[in-house]
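**Student:** Sequence isn't available, so here's the structure alone:
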């Protein structure tokens, strides 16, 4: 196993023009790959953010079939010879009025290595800014965590609102993750208050690297997302961060440093309670 890798978190302010969003992804990822990145994490809803959550039904795809978004992610990984954590795309369910918010992971040959469906759905009212979200009206929740084995360590996947549920991350420890990849689209209000503390907490308490790729800017719907995509080490140190707008951050992840941290500070071995899903 390699002792280190270069990882990238992509940040966007996606809109309703799928082609334009994909062009932006290709541009950013090409640059990151040229600079030596082995692993790229895209934000939640990288391909499409419309006026309403229900708008994503128009671009849903059947799992495993030759959908445009699935083919794009596969081609992206194969073309650049990198692993890609594909943000989220809407995958059809038996209920035509709902989709799964699926994060697809592709290896450096463009093969599907794993799929995680967002488990915790953002059904909240933000009183101070008069915003209301009801993801469960359109999205069907997932029912299982995912840890993907890669040549440079195991990667656990979570999506946005999942950050607020530490039991999900604890349950993934059974898969021995070294890295958590977290595609997100935090609102400006919740992001300002909670984004960095939550990302750093998940790294600290699980002694894992965290790659948190976010939406960051103003969207056609009027929604504002927080951005501040970041890469955090197992001690909770922010290694790299980009504030707002389209772009990316890259950092080297030292896997041996992670193992040394766990040997010297073996808090995971001191647990008395365990989470199982």
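**Tutor:** Great, that's in hand. Remember, predicted model here, so these are calculated numbers, not experimental data.

**Student:** Once you drop chain neighbours, what's closest to residue 256?
**Tutor:** residue 3 (5.0 Å; C-beta to C-beta, 6 or more residues apart in numbering). In this view, the C-beta of every residue, glycine as well, is placed from N, C-alpha and C.

**Student:** wait, the one you found sits on residue 253?
**Tutor:** No. Residue 3 lies out of contact with residue 253 (C-beta atoms under 8 Å); the separation is 9.8 Å.

**Student:** Looking at these two now, which is surrounded by more residues?
**Tutor:** Neighbours per residue (other C-beta atoms under 10 Å) separate residue 3 from residue 253, with residue 253 holding more: 24 against 11.

**Student:** what helix or strand does the more buried one sit in?
**Tutor:** strand 247-254 (DSSP states H and E).

**Student:** Tell me how far the residue nearest to residue 256 lies from residue 36.
**Tutor:** Noted for residue 3: a distance of 15 Å to residue 36, by C-beta to C-beta, to the nearest Å.

**Student:** go on, residue 103?
**Tutor:** As judged by C-beta to C-beta, residue 103 and residue 36 stand 24 Å apart.

**Student:** the more surrounded of the two?
**Tutor:** Legend: neighbour count by other C-beta under 10 Å for residue 103 and residue 36, higher for residue 103 (26 against 12).

**Student:** Nearest residue to that one in space, please, no chain neighbours.
**Tutor:** Residue nearest to residue 103 in three dimensions, not counting chain neighbours: residue 116, with 4.7 Å by C-beta to C-beta, 6+ apart.

**Student:** before we move on, back to that, parallel or antiparallel, list what pairs with the strand holding residue 253.
**Tutor:** If you go by DSSP bridges, strand 247-254 pairs up with strand 4-11 (antiparallel).

**Student:** buried stuff in the strand it pairs with?
**Tutor:** Buried residues in strand 4-11, defined by neighbour count with 16 or more other C-beta atoms under 10 Å: 5-11.

**Student:** Can you lay out the residues you listed as TSV showing pLDDT and distance to residue 146?
**Tutor:** Formatted as TSV, the buried residues of strand 4-11 follow (pLDDT from 0 to 100; distance: C-beta to C-beta, whole Å):
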residue	pLDDT	distance to residue 146
5	94	19
6	97	23
7	98	18
8	98	20
9	98	18
10	98	20
11	98	23
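
**Student:** Turn the residues you listed into JSON lines, columns for distance to residue 222.
**Tutor:** Shown next, in JSON lines, are those (distance: C-beta to C-beta, whole Å):
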{"residue": "5", "distance to residue 222": "38"}
{"residue": "6", "distance to residue 222": "36"}
{"residue": "7", "distance to residue 222": "32"}
{"residue": "8", "distance to residue 222": "29"}
{"residue": "9", "distance to residue 222": "25"}
{"residue": "10", "distance to residue 222": "23"}
{"residue": "11", "distance to residue 222": "20"}
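
**Student:** Out of those, which comes closest to residue 234?
**Tutor:** Nearest to residue 234 among these: residue 7, at 13.5 Å, using C-beta to C-beta.

**Student:** Thanks again, I'm all set now.
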